[in-house]
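K.L.:
I would like to see how this sequence folds:
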Amino acid sequence: MLLAIAVAALSIIIMAVDARLNYLSQLRQAFIGGLHPIERIANIPSELIRDANKYFSAHSQLVQENHMLKQQAFEREVKLQRLNTLQAENEHLRSLLGGDSPTHPRATLGDISHTGRDPFRNVVIVNRGGQHNIQAGQAVVDSKGVIGQVTRVYPFSSEVTLITDKSLSIPVQVERNQLRAIAFGQSGNTLDIPYLPANVDIKVGDKLVTSGMDGVYPPGLAVATVTKIEQGPESTFAKIICSPIAEVAYHLQLLILELPDSIETDVSNLEPIKEESTAKKVKKSNKKRTRSHVSP
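P.N.:
Reported below is the predicted structural model:
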C-alpha cells in the first residue's frame, strides 16, 4: 500500500516537473524513437492488406480502361479510314475544279503560366513570346477546340484572350446546316450569338465551328455548343447562349496556330476588336440610304 502511494506521488511530481520545466521532453522523444521500429512491425499486416486491396482495385480499373481505350482506338481507326478517303476525294475534286488545297497551319506548343490579374477580363499568360516567333492575332486551340487569340506579345510570354471575354468575337457556323454567325464572349464562361431572327434554324445541342471568314481561325475548329435558346414573344431576335468546348480550366498545354500567309502584321500589341452593335450599323445604313434618296 505504501509502495503504491509512493509510486503515485512520484508520478505526480514527475508530471508536474515535466509540465513546468519541460525536462523530460528529450527522454520522451528518445523513448518514442525507440518504439518506432516496433510500431512499423506492428503495422506491416495492415499495410500489406491495404496495398493488396489497392493493387487489385487499380489492376481491375486499368484493365477496364485498357479495354475501353482499345475499343475507342479501333472505332477511331475505322473513322480515320473514311476520313482519309473523303480527304482524297475532296482534294481530287478541288484539283478538277481548279480550287485551292486546304492549308494546315503549323502550331507552337505552349504552357499556361498563370491567369490574368484583371478580374473583369478572361485572359491567360503563356510561356511563349516574341523570342519564339509568336505574333499578335494568332489563334490558340487545345485538343478540344478554340481557346482564344493572342492579343499581347512580350519577349518571353504572351497574353491570350479567351473566347469568353466580352471584348472578343469569333466568326462561327452551325455544323448541322452551315449557318454563319458571329459569337461574342459573355460573363459566366459562355458565348452569345446576338442579332439572329427568332425563327432561325438553331437547336439546343448544335455544335458551332469556326467558319474561317476572318482568315485568322482555320475553318472547322470546334468552338461551342448551343445550350439555351430564348425567344420572347415581343422580341425580334433570339437569345442564343453557348458553352465553349475547349477545356482551358483543366489543362495547362495549348497550341498557338501560325497566322496565314495572307495576313501580314507588324503590330506587337493587338487589342481585341470590339464590334459595333447591329443597331448602330442599321442606323448608319438607314442614314446613308436616306441621303442617297434625297434630291439635291
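K.L.:
please count neighbours and contacts with C-alpha atoms only from this point.
P.N.:
OK.
K.L.:
V172 belongs to a strand, doesn't it?
P.N.:
Yes - using DSSP: H, G, I helix; E, B strand; the rest coil, the assignment for V172 is a strand.
K.L.:
and it, how many neighbours?
P.N.:
28 (other Cα atoms under 10 Å).
K.L.:
that one and T210 touch, don't they?
P.N.:
Yes - between V172 and T210 there is a contact at 4.4 Å, judged by Cα atoms under 8 Å.
K.L.:
overlap in contacts, those two.
P.N.:
V223 (Cα atoms under 8 Å, 6 or more residues apart in numbering).
K.L.:
which residues does stretch 232-250 contact?
P.N.:
141-147, 163-164, 189-200, 222-231.
K.L.:
need the buried ones from the residues you listed selected in ChimeraX.
P.N.:
Buried subset of those, written as a ChimeraX selection, criterion 16 or more other Cα atoms under 10 Å:
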select :141,142,145,146,147,163,164,190,191,192,193,194,195,196,198,222,223,224,225,226,227,229
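K.L.:
looking at the contacts of stretch 232-250, which are in helices?
P.N.:
Residues of these located in helices (DSSP state H): none.
K.L.:
secondary structure element for L3?
P.N.:
Taking DSSP states H and E as the definition, one finds L3 inside helix 2-21.
K.L.:
got it, and I38?
P.N.:
Using DSSP H and E, I38 falls in helix 25-97.
K.L.:
run through the stretch 1-150 of the chain and note the low-pLDDT ranges.
P.N.:
Where the stretch 1-150 of the chain drops to pLDDT under 70, the residues are 21-24, 28, 99-104.
K.L.:
before we move on, back to that, what lines up beside the helix or strand just after the helix holding I38 in the sheet?
P.N.:
The helix or strand immediately downstream of helix 25-97 is strand 107-115, counting by DSSP H and E. When sheet partners are counted by DSSP bridges, strand 107-115 sits next to strand 123-126 (antiparallel), strand 253-257 (antiparallel).
K.L.:
could you dump the ones you listed to CSV with distance to R50?
P.N.:
Below are the strands paired with strand 107-115 laid out as CSV (distance: least, Cα to Cα, whole Å):
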stretch, distance to R50
strand 123-126, 42
strand 253-257, 35
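K.L.:
just for the stretch 151-296 of the chain, where's the confidence low?
P.N.:
Using pLDDT under 70, the stretch 151-296 of the chain drops low at 261-296.
K.L.:
if we use 50, what do you get?
P.N.:
Applying pLDDT under 50 to the stretch 151-296 of the chain flags the ranges 262-296.
K.L.:
who does L162 form a beta bridge with?
P.N.:
Bridge pairing for L162 - DSSP bridges - gives G148.
K.L.:
related to what we said a few turns ago, just say which of the strands paired with strand 107-115 is most tucked in.
P.N.:
Between the strands paired with strand 107-115, strand 123-126 has the highest mean count of neighbours, a mean of 22, where neighbours are mean count of other Cα atoms under 10 Å.
K.L.:
dump the C-alpha coordinates for that one into CSV.
P.N.:
The C-alpha coordinates for strand 123-126 follow below in CSV (Å, rounded to 0.1, in the frame of the first residue of the first chain):
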residue,chain,number,x,y,z
VAL,A,123,-7.1,36.1,-70.2
VAL,A,124,-4.2,33.6,-69.6
ILE,A,125,-0.5,34.1,-69.9
VAL,A,126,1.5,31.5,-71.9
